[in-house]
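Chemist: Sharing a model prediction with you, sequence too.
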Amino acid sequence: MISVDPEPVPPMPPPASTSGARFPRSARILDHAGFERVYKEGRRHFAAHLTVFYRPRPEGSGLRIGFTVSKALGDAVVRNRIRRRLREAVRQRRPLIAPAMDVVINPKKSALKVDFAILLEEVGRAFDQVMGRKPGAIR
């Protein structure tokens, strides 16, 4: 039997530009050990729809970003939808010049239903916190 969500999910706007908005493997945390280091040694930033864990990296340059979407948030379809929304928000708000830092974004269930503009703003504020800037600073 096919289940239907009682509330429609707000659509994501199309990407602004795909030329500079790539999310390559080198910009992602891919292994379990990388996630564990960030959780155990890093700091946290709490927001209404997500929690961001971050940790400076001694080697390399730029941000590496990982996403953890718990099974408690829903089935695979729901988790993938949340992950896609977050990935797009990160593409649009990721600082172009950044220190060597690992960032793990852990969404809350509300990240699925919240308006995409609000999610963009929260991700932007989280990056401001990670980079040590005042909220709303020029990115």
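Modeler: All right, it came through fine.

Chemist: Am I right that Phe23 falls within a strand?
Modeler: No - per DSSP: H, G, I helix; E, B strand; the rest coil, Phe23 lies outside any strand segment and is coil.

Chemist: Spatially nearest residue to it, not counting backbone neighbours?
Modeler: Distances taken as CB to CB, 6 or more residues apart in numbering put Arg91 closest to Phe23, at 5.7 Å, once the chain neighbours are dropped. Using the backbone N, CA and C atoms, a C-beta is placed for each residue, glycine as well.

Chemist: Likewise for Leu63?
Modeler: Ala98 (4.6 Å).

Chemist: element containing the residue nearest to Phe23, please.
Modeler: helix 76-93 (DSSP states H and E).

Chemist: Going C-terminal from that helix, what's the next secondary structure element?
Modeler: Toward the C-terminus, helix 76-93 is succeeded by strand 101-107 as the next helix or strand (DSSP H and E).
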